[in-house]
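Enquirer: structure of the sequence below:
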Amino acid sequence: MADRILIIAEAGVNHNGSLEIAKKLIDTAKECGADIVKFQTAKLSSLVSKSAPMAEYQKKNIGKEESQKDMLSKLLLPFDDYKLLSDYCKTTGIKFLSTPFDVESIEFLDSLLDIWKIPSGEITNYPYLVKIAKTGKDIILSTGMCTMQEVEDAVKVLKDNSSGKITILHCTTNYPTPMEDVNLKAMLTLKERFGCDVGYSDHTRGIEVPIAAAALGATVLEKHFTLDRNMEGPDHKASLEPDELREMVRAVRNIEMALGTGIKEPTEAELKNRLVARKSIIAARDIKKGELLTEENLTTKRPGNGISPMKWNEVTGTSAIRDFAEDELIEI
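Expert: Below you'll find the model as predicted:
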């Protein structure tokens, strides 16, 4: 996907059906340093039946119960608005992404996207997976609610239908996700099983878990954000506010730098400190000419510009301290 961790600011449906709020979310994602701002695209008639109930977290977060269809009718934007948002992202300088939730949305978004994000709820949707795979584009695949077998089945369908590169995101589909349900090590299990890049789609409160995922080797991080957590809607309460998103991005970039190359060697700054911090073999008392060097008449002290204490066994028991290289000598 990228040479650095790809940070997706998930606007989702937190625009509450307003194009102007959606544009403000794009501005915020850019200001906070995210790489991508992501929305959700669906045709209501293709997404949900009239009898589909709300999820428990949706009832709790909204504070009332209605059908999924009634709830989503107030949250989805018309297709034409996503084209406007894509254009607005180009002028803003952030990458546009939207998750399709049905085949018609895939067909519409195909000309707007160069990468797909498959949501957890579609991972068992065979015709949907085939449709996306056949575009040949790279795919980010969320795996909330999944067994390992379901992930394997979905990956096989995608690969069998000529998909591009697949990055698998560990995810827990609950808004917000309690810490005890995160199971972040499962991200590493996915990496080991599929031998691919992995990442994490986070629904916890706060920013600790995505930062930990970055430290564990996530290549993609996705996090919901909102302009105001008190806004009405199913996802606001599990979303970051702008200051929190900015802090998460900053922390992830710091972790990214801190991970380094993996090669164990002293830094340039450490080389300057080594002389001061390390010790040399020196005389513990006056030593007569020809006297054997022993533990009784030698000791170690800073600075480290003399004979290294690692040569202690070579030095003790001899009187040949002058046999060592001149640049290792210290006055004794």
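Enquirer: give me the low-pLDDT residue ranges for the stretch 201-332 of the chain?
Expert: Across the stretch 201-332 of the chain, the ranges flagged by pLDDT under 70 are 320-332.
Enquirer: tell me where it has strands.
Expert: 220-224, 280-283, 298-301 (DSSP state E, counting those that start in this stretch).
Enquirer: those strands into TSV, with extra columns for mean neighbour count and distance to residue 187?
Expert: C-beta: built from backbone N, CA, C; applies to glycine. TSV is the format used below for those (neighbours: other CB atoms under 10 Å; distance: least, CB to CB, whole Å):
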stretch	mean neighbour count	distance to residue 187
strand 220-224	25	11
strand 280-283	19	47
strand 298-301	16	46
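Enquirer: need these in CSV (columns: distance to residue 34).
Expert: Output for the strands of the stretch 201-332 of the chain, formatted as CSV (distance: least, CB to CB, whole Å):
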stretch, distance to residue 34
strand 220-224, 9
strand 280-283, 51
strand 298-301, 52
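Enquirer: quick check: closest non-adjacent residue to residue 170.
Expert: In space, and not counting its chain neighbours, residue 170 is closest to residue 187: 4.0 Å by CB to CB, 6 or more residues apart in numbering.
Enquirer: now do the SS call for the one you found.
Expert: helix (DSSP: H, G, I helix; E, B strand; the rest coil).
Enquirer: can you get me a residue count around it?
Expert: Number of residues near residue 187 (other CB atoms under 10 Å) recorded here: 23.
Enquirer: over to residue 89?
Expert: If we define neighbours as other CB under 10 Å, then residue 89 has 21 of them.
Enquirer: residue 275 too?
Expert: Residue 275, neighbours per other CB under 10 Å, totals 12.
Enquirer: from residue 217, how far off is residue 185?
Expert: Distance, residue 185 to residue 217, by CB to CB, to the nearest Å: 11 Å.
Enquirer: so between those two, which is more surrounded?
Expert: Counted by other CB under 10 Å, residue 185 and residue 217 do not tie: residue 217 has more neighbours, with 14 against 10.
Enquirer: hang on, that one packs against residue 188?
Expert: Yes. Using CB atoms under 8 Å, residue 217 makes contact with residue 188 at a distance of 7.4 Å.
Enquirer: before we move on, the earlier item: to residue 168, which of the strands of the stretch 201-332 of the chain lies closest?
Expert: Across those, residue 168 has its closest neighbour in strand 220-224 (9.2 Å, CB to CB).
Enquirer: helices or strands next to the closest one in the packing?
Expert: strand 6-12, strand 138-142, strand 166-171, strand 198-202, helix 208-216, helix 242-259 (3 or more CB pairs under 8 Å, 6 or more residues apart in numbering; DSSP states H and E).
Enquirer: buried deepest among these, which one?
Expert: Highest mean neighbour count among these (mean count of other CB atoms under 10 Å): strand 198-202, with a mean of 28.
Enquirer: who does it touch, helix- and strand-wise?
Expert: strand 166-171, helix 186-194, helix 208-216, strand 220-224.
Enquirer: mind listing the helices for this protein?
Expert: In the chain, the helices defined using DSSP state H lie at 19-32, 44-47, 56-62, 68-73, 79-92, 103-109, 126-133, 148-160, 186-194, 208-216, 242-259, 268-277, 312-315.
Enquirer: what sits up against the fifth one?
Expert: Pointing back at helix 79-92 there. Residues from elsewhere that reach helix 79-92 (CB atoms under 8 Å, 6 or more residues apart in numbering): 19, 22-23, 26-27, 30, 37, 39, 41, 43, 77, 95-96, 98, 105, 108-109, 112.
Enquirer: and residue 54, what is it in contact with?
Expert: Neighbouring residues of residue 54 by CB under 8 Å, 6+ apart: 62, 65, 66, 67, 68, 71, 234.
Enquirer: please pick the buried ones from these.
Expert: 62, 68, 71, 234 (16 or more other CB atoms under 10 Å).
Enquirer: might one say that the last one is in contact with residue 61?
Expert: Yes. A contact is recorded between residue 234 and residue 61 when judged using CB under 8 Å, the distance being 5.1 Å.
Enquirer: understood, closing this out.
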